[in-house]
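In: everything below, folded, please.
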Amino acid sequence: MEPFTARDKSNQNKERRRLSLMRAESNS
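Out: Have a look, this model is predicted:
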């Protein structure tokens with residue numbers, strides 16, 4: 001496993017937030 005950089009982490013958080021937003025919109 002390669003080391004996890006801060007940029008990777010922020011990108012992952014952004015992606016997770018975007019996915020949860022999409023999921024919330026489809027639920028409403």
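
In: can you list the low-confidence ranges for this structure?
Out: Applying pLDDT under 70 to the chain picks out residues 1.

In: now the helices for the chain?
Out: Secondary structure of the chain (DSSP state H): helices at 6-27.

In: for burial, what's the neighbour tally of Ser26?
Out: By the criterion of other Cβ atoms under 10 Å, Ser26 has 7 neighbours. C-beta coordinates here come from the backbone N, C-alpha and C atoms, glycine included.

In: ditto for Glu2
Out: Glu2 sits with 5 neighbouring residues when counted by other Cβ under 10 Å.

In: ok, now how distant is it from Asp8?
Out: For Glu2, the distance to Asp8 equals 9 Å [Cβ to Cβ, to the nearest Å].

In: do Arg16 as well
Out: When Arg16 is compared with Asp8 (using Cβ to Cβ), they lie 12 Å apart.

In: and for Leu19?
Out: Look at Leu19 and Asp8: by Cβ to Cβ, they are 16 Å apart.
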